[in-house]
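J.: Just need the structure, nothing else, for what follows:
(one chain, ligands or ions: 2)
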Amino acid sequence: LALVTAEAVAKRYGNTTALAGIDISVAAGEILGLVGHNGAGKSTLMRVLAGREQPDAGSIRWRTGGATAKPGTEQPGVRMIYQELALCPDLTVAENIALSDAGTRGAGWNRRAERRVSRKLDEIFPGHGVSVLRRAGDLTMAQRQMVEIVRALCTPSLSLLILDEPTESLSINATRQLYAALRSLADEGVGMVLISHRMQEVLAHADRIAVMKDGRVVEVVAARDTDEDA
Ligand code: ADP
Ligand code: ADP
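T.: Residues are numbered from 1 along each chain as shown. Ligands and ions are numbered 1, 2, ... in the order given. Below you'll find the model as predicted:
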């Protein structure tokens, strides 16, 4: 069951071809790894799959259906975690959480979201050491990344999660905790796209790996041993 399907997707920036004829889909419960050298088109594909950017040609269909979200925002149920950490450094963690969906939820949502994120932080990253009352800018990079990840995991009706280098700042231990959480999320049917230059991580945790080169997917390989051997 595909959560998102890209067909013949192309995208250019001026004279640069970022994507050329991409056909790929992400199934429910699947972790799709995306690898390729710098400039291969990974980030562009990620933004297009999230609905943040429109392709010039081809189509993207989400299972959630409906029209494309407003430019610069994700489709409902789709969430992207990218390299440029999105937390606002001058606000507290709690304020950042409240801000992330400001205007889209009713009164009382902020408090609930805050509690939900705190609880999930404890659950996924025990020993994280984050106080939601601290300025985000005072947290370590690892703590900021954990908050950012957990905030995304709390997205209502999350169906597709797109992760760009999610473990860049994490310790080995937090990395292990993250992948355990991602796998159980996948078991609940959430689909994921995982971009990482850490090939070992992608090999260990992705179900399939798409290799990109010059704006194309040149190879898709099965990665992690799945139930065939079980
Ligand atoms: P680094 O020095 O960061 O390890 P690499 O040149 O090994 O850089 O990798 C750069 C990018 O190329 C990464 O996104 C990685 O996922 C990808 N990559 C590495 N090996 C391969 C390969 N055999 N085929 C396709 N992509 C690869
Ligand atoms: P990757 O994430 O694999 O490094 P990108 O998707 O960032 O690749 O980039 C693909 C190509 O598109 C590159 O040549 C890059 O320079 C270009 N590109 C990406 N985003 C933009 C942009 N906003 N403006 C101009 N060129 C861009």
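J.: going forward, measure contacts and count neighbours with C-alpha atoms only.
T.: OK.
J.: Now for G77: which residues touch it?
T.: The contact partners of G77, taken as C-alpha atoms under 8 Å, 6 or more residues apart in numbering, are 64, 155-160.
J.: one more time with 10 Å
T.: Listed by C-alpha atoms under 10 Å, 6 or more residues apart in numbering, the contact set of G77 reads 50, 62-64, 155-161, 190.
J.: Which ChimeraX command selects the buried ones in these?
T.: Command for ChimeraX, covering only those of the contacts of G77 found buried under the criterion 16 or more other C-alpha atoms under 10 Å:
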select :50,62,155,158,159,160,161,190
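J.: What's the first helix or strand after the worst-scoring helix or strand of the chain on mean pLDDT?
T.: Least confident helix or strand, the chain: helix 93-100 with a mean of 82, by mean pLDDT, DSSP states H and E. Next helix or strand after helix 93-100 toward the C-terminus (DSSP states H and E): helix 109-124.
J.: Now that following helix: buried residues?
T.: By neighbour count on 16+ other C-alpha under 10 Å, the buried set for helix 109-124 is 110, 113-114, 117-118, 120-121, 124.
J.: Can you tell me which of the contacts of G77 end up in strands?
T.: 62, 160-161 (DSSP state E).
J.: ok, those vs ligand 2, which is closest?
T.: Of all these, L161 has the smallest distance to ligand 2: 16.6 Å, by C-alpha to the nearest ligand atom.
J.: On the three-state scheme, T17 is what?
T.: strand (DSSP: H, G, I helix; E, B strand; the rest coil).
J.: list the contacts for the closest residue to it other than its chain neighbours?
T.: Using C-alpha to C-alpha, 6 or more residues apart in numbering and skipping the chain neighbours, the partner closest in space to T17 is K11 (6.3 Å). By C-alpha under 10 Å, 6+ apart, the contact set of K11 is 17-22, 41, 44-45, 48, 53-58, 215.
J.: Just put the contacts of G77 in CSV and tack on distance to ligand 1.
T.: Compiled in CSV, the contacts of G77 are given as follows (distance: C-alpha to the nearest ligand atom, whole Å):
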residue, distance to ligand 1
A50, 19
W62, 26
R63, 28
T64, 29
T155, 27
P156, 30
S157, 30
L158, 26
S159, 24
L160, 21
L161, 19
V190, 23
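J.: Hmm, which of the contacts of G77 is lowest in pLDDT?
T.: Lowest pLDDT of those: T64, 71.
J.: and L182, how far is that from L160?
T.: Distance, L182 to L160, by C-alpha to C-alpha, to the nearest Å: 11 Å.
J.: residues in the protein within reach of ligand 1, list them.
T.: For the chain, the residues in contact with ligand 1 (C-alpha under 6 Å from any ligand atom) are 35-37, 196-197, 199, 211.
J.: Try it again at 8 Å.
T.: 34-38, 195-199, 211-213 (C-alpha under 8 Å from any ligand atom).
J.: thinking again about what came up before, list the residues that contact both of L182 and L160?
T.: Shared contacts of L182 and L160, defined by C-alpha under 10 Å, 6+ apart, are found at 29, 31, 190-192.
J.: Pull up the per-residue confidence for the residue nearest the centre of the chain.
T.: What sits nearest the mean C-alpha location of the chain, by C-alpha atoms, centre = their mean, is I162, with 2.2 Å. For I162, the pLDDT comes out at 97.
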